[in-house]
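Chemist: Task: produce atomic coordinates for the following.
(2 chains)
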Protein chains: 2
Amino acid sequence: MHENTIAPADLPDDNGGHSPSVRLFVEAPLSEGASIEASTTQAHYLINVMRMRTGDTILVFNGRDGEWIAEVLVMRRSHCSLAVQTQTRAQTGGPDIVYLFAPLKKARLDYMVQKATELGVAALWPVITRRTVAERVNRERMRSNAIEAAEQCGILRLPDVREPEKLSAVLAAWQPARALIFADEKAPIASSLEALHAVPQGPVALLIGPEGGFDETEREALRARPFVHAMSLGPRIMRADTAAVAALALVNAVCGDWR
Amino acid sequence: MHENTIAPADLPDDNGGHSPSVRLFVEAPLSEGASIEASTTQAHYLINVMRMRTGDTILVFNGRDGEWIAEVLVMRRSHCSLAVQTQTRAQTGGPDIVYLFAPLKKARLDYMVQKATELGVAALWPVITRRTVAERVNRERMRSNAIEAAEQCGILRLPDVREPEKLSAVLAAWQPARALIFADEKAPIASSLEALHAVPQGPVALLIGPEGGFDETEREALRARPFVHAMSLGPRIMRADTAAVAALALVNAVCGDWR
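Modeler: The predicted structure is shown next:
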């Protein structure tokens, strides 16, 4: 569903054979012999962009039932039905990392959502801070970006896209069993990893502030909570979307599934 | 020099006062009382976009002499001269990380260069691999992107932009005192950090392959060298530009200046 759709070489291919080169997210349940309908957009893509024909195969996943090979059955103008054949990969979870972020402006938000999905987060949660610039957050667009990244990168679990909420409300309702790591650009520059090693084993969340950072009262409110861990991201200022990828990599390496 | 030029709040401001909100890279030497000329593009930006007037101040840096306040002296149609006043920050270096990468297509390459600059690399070195898609690399464009990122993020040291070279030639001429870390997507998924902790103290380089990864002969050639360290980036496939930011964050945290 993307001009840069990955070549088969990019996809994991455990059995050494040729994987179908198209991979689509579908809503329907997937099981052997099931029949599914492509959405209108997907049908257009399969028919007009990928020039698929009856009998061609693609990969499908729905975030719950793993990944399957599906064969093109019927194809008309803007309609395409597929027959689910065999499972190529069983459903897997991913690291229990909830990703909270001050929404950015359009292109950077798209990018950030795609990247966070590639990094395997369990949930995307827009948080409104005092310096947040983007006021309205388009959840449908966020979900499309997450789907696009998941389709391209062979990801099986789609992140949950949550309703935007104010930082104060998020903190007030926080379940303290989940550690909340926040990238604090005003923290003394100490070891990023040391801060992460102090996080208790278990579910975690990462919070990235807006361009311009958190304001003083927000930083104090964060630092006052026992479940909050401040992490420095080094001596240089980074744009918020860079900080997001950098911090998610560190969190994955210490608290996630890169170990 | 960018529509998203950062607000003063984004810039480090050690003395608690108001920093000028515009920050430009210049080629000329910087010292107290020096007079410098803005480039035509910069003059256009200062005059027509930022609506600067004589007497207004901006921040300037050249990658060698630290960061200075400069005052607008003369301003005509597309000409602007500035008087260098006081130094705001002394020149600093940065981590000794050389960043080697298979060039990507336009927008993703721009992005990657900006991000690597934000992450403080010492040099950007395009490396041609077998699966590299972008054949021609525009060094001037890479330099512009590095400058833009440095201007926006308060960075003092501009990365050196090297001539593209073939991977085989790069490896043949490698000075083994510099460890070469490569993100190996076919490495067994072990701890990313353990691999980095095994890298000897000293100068390092990070190599990120193209979309689709290195081919088998390249991986073998890399793995055969004693100065090469393979690092996994977890169980998910990432786009090359995501892998770049993720890997640079980990390298900074273990071998760079985030500790």
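
Chemist: and A:Pro200, what does it touch?
Modeler: Neighbour list for A:Pro200: A:Ala179 [criterion: C-beta atoms under 8 Å, 6 or more residues apart in numbering or on different chains]. C-beta coordinates here come from the backbone N, C-alpha and C atoms, glycine included.

Chemist: let's go with 10 Å and repeat that
Modeler: Neighbouring residues of A:Pro200 by C-beta atoms under 10 Å, 6 or more residues apart in numbering or on different chains: A:Ala177, A:Arg178, A:Ala179, A:Phe227, A:His229, A:Cys255.

Chemist: now, which of the residues you listed sits nearest chain B?
Modeler: Ranked by distance to chain B (C-beta to the nearest C-beta), the contacts of A:Pro200 are led by A:Cys255 at 11.5 Å.

Chemist: Just give the nearest non-adjacent residue to that closest one, would you?
Modeler: A:Val204 (4.8 Å; C-beta to C-beta, 6 or more residues apart in numbering or on different chains).

Chemist: Most neighbours out of the contacts of A:Pro200, which is it?
Modeler: A:Cys255 (23 neighbours; other C-beta atoms under 10 Å in any protein chain shown).

Chemist: Please verify my assumption that that residue contacts A:Leu180.
Modeler: No: counting by C-beta atoms under 10 Å, A:Cys255 does not reach A:Leu180; the two are 11.7 Å apart.

Chemist: Adding pLDDT, write the contacts of A:Pro200 out as TSV.
Modeler: Shown next, in TSV, are these (pLDDT from 0 to 100):
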residue	pLDDT
A:Ala177	96
A:Arg178	98
A:Ala179	97
A:Phe227	97
A:His229	95
A:Cys255	93
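
Chemist: can I get those in CSV with secondary structure?
Modeler: Shown next, in CSV, are the contacts of A:Pro200 (DSSP: H, G, I helix; E, B strand; the rest coil):
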residue, secondary structure
A:Ala177, coil
A:Arg178, coil
A:Ala179, strand
A:Phe227, coil
A:His229, strand
A:Cys255, coil
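
Chemist: which neighbours do A:Cys255 and A:Leu180 share?
Modeler: What both A:Cys255 and A:Leu180 touch, as defined by C-beta under 10 Å, 6+ apart, is the set A:Val199, A:Val204, A:Leu206.

Chemist: Out of those, flag the one nearest to B:Ala149.
Modeler: The nearest member of the shared contacts of A:Cys255 and A:Leu180 to B:Ala149, counting by C-beta to C-beta, is A:Leu206 at 22.9 Å.

Chemist: mind showing which ranges of chain A have poor pLDDT?
Modeler: Applying pLDDT under 70 to chain A flags the ranges A:1-18, A:134-135, A:189-190.

Chemist: now the strands for it?
Modeler: Assigned by DSSP state E, chain A shows strands spanning A:23-25, A:35-37, A:57-61, A:67-76, A:79-89, A:97-101, A:123-128, A:160-161, A:165-166, A:179-183, A:204-208, A:228-231.

Chemist: For the ones you listed, give me JSON lines that also has distance to B:Thr86.
Modeler: JSON lines is the format used below for the strands of chain A (distance: least, C-beta to C-beta, whole Å):
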{"stretch": "strand A:23-25", "distance to B:Thr86": "56"}
{"stretch": "strand A:35-37", "distance to B:Thr86": "68"}
{"stretch": "strand A:57-61", "distance to B:Thr86": "59"}
{"stretch": "strand A:67-76", "distance to B:Thr86": "61"}
{"stretch": "strand A:79-89", "distance to B:Thr86": "61"}
{"stretch": "strand A:97-101", "distance to B:Thr86": "37"}
{"stretch": "strand A:123-128", "distance to B:Thr86": "39"}
{"stretch": "strand A:160-161", "distance to B:Thr86": "49"}
{"stretch": "strand A:165-166", "distance to B:Thr86": "41"}
{"stretch": "strand A:179-183", "distance to B:Thr86": "32"}
{"stretch": "strand A:204-208", "distance to B:Thr86": "34"}
{"stretch": "strand A:228-231", "distance to B:Thr86": "33"}
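
Chemist: List just the one of those strands that sits closest to A:Glu194.
Modeler: It's strand A:228-231; of the strands of chain A, that one is closest to A:Glu194 (C-beta to C-beta) at 9.2 Å.

Chemist: Can you tell me the strand partners of the closest one and which way each runs?
Modeler: strand A:179-183 (parallel) (DSSP bridges).

Chemist: roughly how far out does the strand it pairs with sit from the chain middle?
Modeler: Centre-to-centre, strand A:179-183 and its host chain are 18 Å apart (C-alpha atoms, centre = their mean, to the nearest Å).

Chemist: just stretch A:211-219 next, same as before
Modeler: With C-alpha atoms, centre = their mean, you get 25 Å for stretch A:211-219.

Chemist: And it, end to end?
Modeler: Taking C-alpha to C-alpha, to the nearest Å, stretch A:211-219 runs 14 Å from one end to the other.

Chemist: burial count for the nearest residue to A:Arg130 once chain neighbours are set aside?
Modeler: Closest residue to A:Arg130 apart from its sequence neighbours, by C-beta to C-beta, 6+ apart: A:Asp215 at 4.8 Å. Applying other C-beta under 10 Å, we find 15 residues neighbouring A:Asp215.

Chemist: ok, A:Asp215 - contacts?
Modeler: Here A:Asp215 is in contact with A:Thr129, A:Arg130, A:Arg131, A:Gly209, A:Ala221, B:Ala9 (C-beta under 10 Å, 6+ apart).

Chemist: mind listing the helices for the stretch 101-250 of chain A?
Modeler: If DSSP state H, counting those that start in this stretch is used as the criterion, the helices of the stretch 101-250 of chain A fall at A:106-118, A:139-152, A:167-172, A:192-197, A:216-223, A:240-254.

Chemist: of all those helices, which lies closest to B:Glu67?
Modeler: Going by C-beta to C-beta, the one of the helices of the stretch 101-250 of chain A nearest B:Glu67 is helix A:240-254, 20.5 Å.

Chemist: so does that closest one get close to chain B?
Modeler: Yes: counting by C-beta under 10 Å from any C-beta of the partner chain, chain B has neighbours in helix A:240-254: A:240-250, A:252-254.

Chemist: what do you get for stretch A:217-224?
Modeler: No: under the criterion of C-beta under 10 Å from any C-beta, chain B is not reached by stretch A:217-224; the shortest gap measures 13.2 Å.

Chemist: Return the set of buried residues in that stretch.
Modeler: A:Glu218, A:Arg219, A:Ala221, A:Leu222 (16 or more other C-beta atoms under 10 Å in any protein chain shown).

Chemist: Quick one: residues contacting the first one.
Modeler: The one in question is A:Glu218. A:Thr129, A:Arg130, A:Arg131, A:Leu167, A:Ser168, A:Leu171, A:Phe182, A:Gly209.

Chemist: Then the second one?
Modeler: A:Arg219 makes contact with A:Phe182, A:Asp184, A:Glu185, A:Lys186, A:Ala187, A:Gly209, A:Gly213, A:Ala230 under the criterion C-beta under 10 Å, 6+ apart.

Chemist: Looking at the residues you listed, which is nearest B:Arg162?
Modeler: The shortest gap between B:Arg162 and any of the contacts of A:Arg219 belongs to A:Glu185, at 30.3 Å (C-beta to C-beta).

Chemist: Skipping adjacent residues, who's closest to that closest one in space?
Modeler: A:Gly213 (5.1 Å).

Chemist: What's the local residue count around the one you found?
Modeler: For A:Gly213, the neighbour count with other C-beta under 10 Å is 21.

Chemist: Test my guess that it contacts A:Thr132.
Modeler: No: here A:Gly213 does not reach A:Thr132: they are 11.3 Å apart, not a contact under C-beta under 10 Å.

Chemist: Fine by me, we can end here.
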